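have a look; sequence and predicted model below, questions after that.
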Amino acid sequence: MEEPKVSAAEEELFGGPLRYDMGWNEHERARLETSLLTALRAMPRVAWSTLRRAWRADRNALLVVGVSEIGQGIVAAVQLLVLNAIMHALLTPGTATERVRSAVPAMIVGAVVAGVNSVLASLSTSRAGRLEPLVERVVTVEYLETAQAAELEAIEDPAYRRLLDIAYYGAASARRMISLCVAALNGAIALVSTAGILSVLHWALFPMLLLIVAPRGWGAMRVAQRRYISVQTWVEHLRASRLIANLLTERSAAQEVRLHAVGPFLLDRYRDMAESAEAEQKQLADRKAATELTATALSGLATTATYGVMLWLITAGQMSLAVATTAVYAIRSGSAGLGSLVMNINSLHEEALYVQDHVKFVEESGRRTLPTGGRELPDRIDAVVLDRVTYRYPDREHPALDAASLTVPMGSVVAVVGENGSGKSTLMKVISGLLTPQSGSVHWGGVPVQDLDRPRLFERVSQLTQDFQRWPFTAALNIRIGRPGHAATSEDLKPSVDYAAAQSVIEKLPGGMGTLLARQFRGGGELSGGEWQKVGLARTHWRTKTCTADSVLIVDEPTSALDPEAEIEAFDRIRDLAAPHRAVVLVTHRMSGVRWADLIYVLRRGRVVEQGTHAELLAANGRYAAMFRTQAAQYGHDDHPVTMPAPARPPASEPA
Ligand SMILES: Nc1ncnc2c1ncn2[C@@H]1O[C@H](COP(=O)(O)OP(=O)(O)OP(=O)(O)O)[C@@H](O)[C@H]1O
């Protein structure tokens, strides 16, 4: 397959085509090799899985659809017989009145059958329409259920994420497959009945019908293949265009779009990319027209030949006029039916590829789901102990944690410090059981984490991180969601609001606790970074207070958005959360916030390089001491001042 063409704008903005693919490439091989034969071979399996889903969703509706489609196929055959009978009656010798009279019974049957057909068709339409959203819902819920139960490691694994993205298309495809299956069933039944009638009329008619339809089937397949290849080739380009369009309208980019004049710049690149995509569309349309012209010409030739053969049969006395008239009608409707059957099978196969991705995703997730049903953790535990834990992210060469050992005794405050990227956040995920290490062990109260029911273990962990979730819900729910299963009124949440000093934040909101915290919705309010952090602190308080068993509170950079006064208060509050049955693990770069911790661990490149109390670590005069003194000097209140070099002045000759 040819490489995606790269427009100048894409080259400039992205340094080439974006390589992350959304799923279409997955089917490249399968789809390009698609022939009518492979599509036909896969059809029973595909139809079966769709029917099973529809059966689960609404079996009555499915039964009605099936019966009415089979009924319509029988009606099509009866209609041909009726036409044949009418033509025979009209073309037999006798007066006009006699001939019309003898045709009347067949006409009455024809009218009744047409009425039955309409009723069956509308029944099928209404039930299929009911089934479609149900099937889409069944597949979507299965997708979401699977995704939310996956291990964090799976979510952070690019290969799994890709599968997650691809499988997203499965639900809409499953929905479309319902109507396609119905149409294919209808087409197949009508075809069988037409073929039967044609063969009864004359043996040569059915092969001729196939000859008429074959070129159209070929044409449809070619056009679909080219469209698919084009989507494959241009998918990156298309997504990049959409990305630019979003950046121009998104709130997060709005300031720079205006202040830095990024708007006109990006708009220009958007036009450039749109133009090159349009050129591809034009080329595709031209080639489609040429293919269809060839297919129609070949089909026309076959039709002419068929009519020629029929004329010859009539003149040779081997076919009556009545049969010939019925045959002409049957060939016309049969060729249209067979043509659309080919198209439907083609589309079914295409949609099935996406549904198969969904199935693959569910199967793969089965191996990566958070395990449930392990050992229960006792209410009272002594400590959480990590012993020589090594953890490497799936796509990384170096481990984020390298034989790190640490103990978090209940009732204590443990601080973890270290430079950027030293592995602090990863360590927190290992303590909480979100990540399981490749080597070493994690024990909660002496029980290895892998033996525990992990979702139950999570009930014992509270977490407040720098990038905690800002839920686009009301202020009250933003606090209550710390333990969503625990019902609470605004009054119940008040102690948490007070604890986080968030009263002033709530009071400022027009609807108080009921205010929606999402600007993207009408009436939604907005909070500053620091105000959000207070809401986050209130949520953490609510979560910790609703757990009676021994638990661990993890606080990762909780004060980054707070002003200095609020920061001091926040550290005091976090310290207050330590209790005999709760341990606090604190990660921060603010050294002033860790000096009161019972135990401090210093991480460097994933290894614990120092540990002890503040006094011990200062006395050791190692990394901790250096980090602490550097920060203290900046704030100008160190017992052991470090002389900081003053910033160099620019040379007088340089412009300031
Ligand atoms: N989801 C991830 N996938 C791959 N690598 C990751 C992921 N998260 C972190 N890393 C890598 O693991 C290493 C440790 O990262 P971690 O976030 O634990 O450090 P940190 O000490 O918390 O850093 P900071 O102080 O900057 O927050 C880094 O090299 C980082 O690039």
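That came through fine. Just so you know, these numbers come straight off a predicted model, no measurement behind them.

which parts of this structure sit against the ligand?
Near the ligand, the residues belonging to the chain are Glu156, Tyr393, Arg396, Ala400, Gly418, Asn420, Gly421, Ser422, Gly423, Lys424, Ser425, Thr426 when assessed by CB under 6 Å from any ligand atom. (Glycine included, C-beta is placed from N, CA and C.)

return the set of residues that bridge with the closest residue to the ligand within the stretch 1-150 of the chain.
In the stretch 1-150 of the chain, no residue comes nearer to the ligand than Ala150, which is 14.1 Å away by CB to the nearest ligand atom. Here Ala150 sits in beta bridges with Thr369, going by DSSP bridges.

mind listing what it touches?
Counting by CB atoms under 8 Å, 6 or more residues apart in numbering, Ala150 makes contact with Tyr160, Ser365, Arg368, Thr369, Leu370.

picking that back up, with neighbour count and secondary structure added, can I get the residues of the chain next to the ligand in TSV?
Below are the residues of the chain next to the ligand laid out as TSV (neighbours: other CB atoms under 10 Å; DSSP: H, G, I helix; E, B strand; the rest coil):
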residue	neighbour count	secondary structure
Glu156	15	helix
Tyr393	15	coil
Arg396	9	coil
Ala400	22	coil
Gly418	24	strand
Asn420	6	coil
Gly421	12	coil
Ser422	21	coil
Gly423	24	coil
Lys424	23	helix
Ser425	18	helix
Thr426	23	helix
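
could you work out the most separated pair of those?
The largest separation in those, counting by CB to CB, is between Glu156 and Gly418 at 20.6 Å.

Gln469 falls within a helix, correct?
No: Gln469 sits outside any helix when classified using DSSP: H, G, I helix; E, B strand; the rest coil, being coil.

which phi and psi does it have?
Phi and psi for Gln469, reported as degrees, to the nearest 10, are phi -70, psi 130.

which residue is the nearest non-sequential neighbour of Glu256?
Distances taken as CB to CB, 6 or more residues apart in numbering put Val262 closest to Glu256, at 5.3 Å, once the chain neighbours are dropped.

just the pLDDT for the one you found.
Val262 is assigned 93 on the pLDDT scale.

now do it: how many residues are near it, please.
By other CB atoms under 10 Å, the residues close to Val262 number 16.

same deal with Arg623?
Number of residues near Arg623 (other CB under 10 Å) recorded here: 17.

and it, what does it touch?
Counted by CB under 8 Å, 6+ apart, Arg623 has contacts Val602, Arg604, Val609, Glu610.

so what sits opposite the first one in the bridge?
Going by DSSP bridges, Val602 is paired in beta bridges with Val417, Glu610.

correct me if wrong: it contacts Val417.
Yes: counting by CB atoms under 8 Å, Val602 touches Val417, with 5.6 Å between them.

common neighbours of the two, please.
Shared contacts of Val602 and Val417, defined by CB under 8 Å, 6+ apart, are found at Tyr624, Met627.

secondary structure element for Ser441?
Assigned by DSSP states H and E, Ser441 falls within strand 439-444.

list of residues touching that strand?
So strand 439-444 is contacted by 377, 381, 384-390, 403-405, 430-431, 433, 436, 448-449, 452, 457, 460 (CB under 8 Å, 6+ apart).

list only buried entries from these.
Among the contacts of strand 439-444, those classed as buried by 16 or more other CB atoms under 10 Å are 377, 381, 384-386, 389-390, 404, 430-431, 433, 436, 449, 452, 457, 460.

just the ones of these in strands?
Members of these lying in strands (criterion: DSSP state E): Val384, Val385, Leu386, Val389, Thr390, Ala404.

include pLDDT and distance to Phe206 when you put those into CSV, please.
CSV is the format used below for these (pLDDT from 0 to 100; distance: CB to CB, whole Å):
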residue, pLDDT, distance to Phe206
Val384, 96, 76
Val385, 97, 78
Leu386, 97, 75
Val389, 97, 72
Thr390, 97, 70
Ala404, 95, 76
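
which residues touch stretch 88-96?
Arg99, Val100, Ser102, Ala103, Ala106, Ser320, Leu321, Ala322.

among those, find me the one that's closest to Met627.
Using CB to CB, Ala106 is the member of the contacts of stretch 88-96 that lies nearest Met627, at 98.5 Å.

what about that closest one, how many neighbours?
Applying other CB under 10 Å, we find 19 residues neighbouring Ala106.

state the phi and psi torsions of the residue nearest the centre of the chain.
For the chain, the residue nearest the mean C-alpha position is Tyr168 (3.5 Å; CA atoms, centre = their mean). The phi/psi pair for Tyr168 (degrees, to the nearest 10) reads phi -60, psi -30.

does it really touch Thr140, like I thought?
No: using CB under 8 Å, Tyr168 is not in contact with Thr140; the gap is 9.2 Å.

any weak-confidence spans in this protein?
Flagging of the chain using pLDDT under 70 yields the residue ranges 1-6, 17-40, 42-43, 228, 231-233, 235-236, 558-566, 635-656.
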